[in-house]
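# here is a sequence together with a model predicted from it:
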Amino acid sequence: MSRFEGEVVSVSELIERAREALDCAVGVVAVEGEVFEYRGPHSSGHYYFKLRDSDTSIDVKMWRGAAQRGLRCALEEGRAVLGIGRLDIWPKRGVLSFLLDEVHDLGAGDLARRFEELKQRLLREGLFDESRKQGIPERPCRVGLITARDSAAAADVEQTWLDLGAPFEVVYIPSRVQGDGAEHGLVKALLAAARQDVDVVLLTRGGGSLEDLWAFNEEVLVRAIAACPVPVICVVGHETDFTLADFVADLRCKTPTAGAARLVEGWLRTQRRLLRLGARLADAGPVHWGLARARWVIAGEALPESWSNRCRQLRERYQASRMTLQAQRPDRRLARAQQRLAENELRFFHASEAGRMQWALRAQRWGRRLLSAGPNQELASFARIFSGQGARLEAGSPTALLERGYALVERSDMPGFLRQANEVKLGDVLRIRLAAGQLEATVDAITDEPEKVRVDKVDLRE
């Protein structure tokens, strides 16, 4: 028997009394906190997450009906909110939680704000540009795996490679992926992977809250990934989790299993292609053997005829060579040379006689031409030419123009004859040449009409 003499209650009654005490002592309360471990609404429409501050956290529930009435902002990881509700104890497990009736926005939390500020700064620097990212090798031979030792992510990756029969060598580089200073360990792991001469690095860890994944948002790790000479595949968290390491990495995959499969894809495609080529080769072997056998049969049938043709060609070449050698005998070559000499002598005789007669005819023609073209005939021809040219010169001379009544006018202070009235000024002295004598005149007026030019002094000089 128990020594306790007071009231004994069941667990259910105890929890019910605690709930009543909380309702009486606390009642409806407004709590400020940061959304933590938020995964979106449940398939039932209810919301399950946590609210936390710098010291502690509490489980939060918000039923679907209450969310439809009192959810006044979009929920997201790290957002600071004001939750209005009451404390509740779940009867089945006795877990204390905060049951929300209304949720109001207070802005982004500290981690979310730091995340967004660093993201925008690195984005302006161009660290996330696709142009600076490296290509992932199609068929890597050495792969560096950076993750926590004996973690679920490492187990998933290794099991995927085992199932797919990955042919490459894996260089396992363990590192802490959570907690204070984890980012520095990850930076050292990246440097170690580069020294190991790997073709690609798979940087991975499992899911978690924003705080758990924060090492992958630290600036020192993000810049180390950007500067890594080896392509980096980043797989951090679940499909809905995003870190700054995902943005700067050369490739981001949804899950560790997907990242592991991505590195094997090129090998699998090559394997499938080789299998197809092997199957085609196996199918083509009998066909090629049959074609070769048919060619051998045809060649065997054509061999006798080809041998006969070859022998005939060799005999014909032998006869031609024999005749060539007979033609090159010294006595025959001497006879041909004597014959060519006789022919050249006869050709020279005829050519010299014909040339002499041709030169005689040419000399006769040149003599007749010289007799017909004597000096008197040439002089008469030149006289006719000079007479015509003299007449043309006489017709175009200035003297002939003056004889027909024209005059030549020039300024006394400059050479050359005037053509326009604007070439003189008032008071200029002009010389006027006529067919007989010349005149001096002073310009008194200038106009565009020649007949209006007045001359106030005229001197006739013989």
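Everything's here; your move. Numbering: from 1, shown residues only.
# how about the strands in the stretch 351-462 of the chain?
408-411, 429-433, 438-442 (DSSP state E, counting those that start in this stretch).
# max-length helix in this protein?
Counting by DSSP state H, the longest helix found in the chain is helix 256-327.
# show me how far that helix is from its chain's centre.
Centroid separation for helix 256-327 versus its chain: 42 Å, with CA atoms, centre = their mean, to the nearest Å.
# how is the chain carved up into domains?
According to automatic domain parsing, the chain comprises the domains 11-108, 125-268, 399-452.
# which of those domains is buried the deepest?
Neighbour counts (mean count of other CB atoms under 10 Å) averaged over each of the domains of the chain peak at domain 125-268, with a mean of 18. Where you see a C-beta, it was placed from the backbone N, CA and C, and this is true even at glycine.
# that domain - what's its average pLDDT?
If you average the pLDDT over domain 125-268, you get 87.
# same check on stretch 51-63?
Stretch 51-63 comes out with an average pLDDT of 87.
# and it, how far out from the chain's middle?
For stretch 51-63 - counting by CA atoms, centre = their mean - the centre lies 52 Å from the chain centre.
# residues contacting that stretch, please?
The contact list for stretch 51-63 (CB atoms under 8 Å, 6 or more residues apart in numbering) reads 31-36, 46-50, 70-71, 81, 83, 85, 88, 95-100, 103.
# show me the residues you listed that map onto strands.
31-36, 47-50, 81, 83, 85, 88, 95-100, 103 (DSSP state E).
# coming back round to it: with distance to residue 356 added, can I get the domains of the chain in CSV?
Shown next, in CSV, are these (distance: least, CB to CB, whole Å):
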stretch, distance to residue 356
domain 11-108, 124
domain 125-268, 94
domain 399-452, 62
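# how about those domains, which one is nearest residue 327?
Among these, domain 125-268 comes nearest to residue 327, with 72.3 Å by CB to CB.
# how about stretch 159-169 as CSV, C-alpha atoms only?
Provided in CSV are the C-alpha atoms of stretch 159-169 (Å, rounded to 0.1, in the frame of the first residue of the first chain):
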residue,chain,number,x,y,z
GLN,A,159,24.0,3.2,-51.1
THR,A,160,23.0,5.0,-54.3
TRP,A,161,26.5,4.5,-55.7
LEU,A,162,26.5,0.8,-54.7
ASP,A,163,23.0,0.2,-56.2
LEU,A,164,24.0,1.9,-59.5
GLY,A,165,27.4,0.3,-59.7
ALA,A,166,29.4,3.5,-59.7
PRO,A,167,32.8,2.8,-61.4
PHE,A,168,34.7,5.8,-60.0
GLU,A,169,36.9,6.1,-57.0
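# ok, the spatially most central residue of the chain to residue 91 distance?
Closest to where the C-alpha atoms of the chain average out (CA atoms, centre = their mean) is residue 131, at 10.9 Å. Distance, residue 131 to residue 91, using CB to CB, to the nearest Å: 58 Å.
# do the same with residue 127
51 Å.
# how about residue 114?
40 Å.
# what's the answer for residue 31, then?
22 Å.
# go on, residue 28?
Going from residue 28 to residue 91 by CB to CB gives 21 Å.
# how about residue 398?
For residue 398, the distance to residue 91 (CB to CB) stands at 140 Å.
# now do residue 316
117 Å.
# tally of neighbours for residue 360?
Residues near residue 360, counting by other CB atoms under 10 Å, number 9.
# mind giving me the packing neighbours of the longest helix of the chain?
In terms of contacts (3 or more CB pairs under 8 Å, 6 or more residues apart in numbering; DSSP states H and E), helix 256-327 is packed against helix 152-164, strand 200-205, strand 232-236.
# out of the ones you listed, which comes closest to residue 332?
Closest approach to residue 332 among these is made by strand 200-205 (86.0 Å; CB to CB).
# tell me which strands and helices the helix or strand that the closest one is followed by is in contact with?
Per DSSP states H and E, the first helix or strand lying C-terminal to strand 200-205 is helix 219-227. Helix 219-227 sits against helix 110-125, helix 182-195, helix 244-248, with contacts defined as 3+ CB pairs under 8 Å, 6+ apart.
# let's see it at 10 Å
helix 110-125, helix 182-195, strand 200-205, strand 232-236, helix 244-248 (3 or more CB pairs under 10 Å, 6 or more residues apart in numbering; DSSP states H and E).
# pull the residues that contact that helix.
Under the contact criterion CB atoms under 10 Å, 6 or more residues apart in numbering, helix 219-227 has outside partners 118-119, 121-122, 125-128, 132-133, 182-191, 194, 201, 203, 215-216, 218, 232, 234, 243-250.
# how about residue 150, phi and psi?
Backbone geometry at residue 150, expressed as degrees, to the nearest 10, gives phi 60, psi 30.
# got the phi and psi for the closest residue in space to residue 86 that isn't next to it in sequence?
Nearest residue to residue 86, sequence neighbours excluded (CB to CB, 6 or more residues apart in numbering): residue 28, at 5.3 Å. Backbone torsions of residue 28, given as degrees, to the nearest 10, read phi -80, psi 130.
# and residue 28, how far from residue 96?
Residue 28 is 16 Å from residue 96, where distance means CB to CB.
# kindly report the same for residue 212.
Distance, residue 212 to residue 96, using CB to CB: 23 Å.
# and what of residue 246?
As judged by CB to CB, residue 246 and residue 96 stand 35 Å apart.
# and residue 248, by the same measure?
For residue 248, the distance to residue 96 (CB to CB) stands at 41 Å.
# please apply the same query to residue 356.
Going from residue 356 to residue 96 by CB to CB gives 146 Å.
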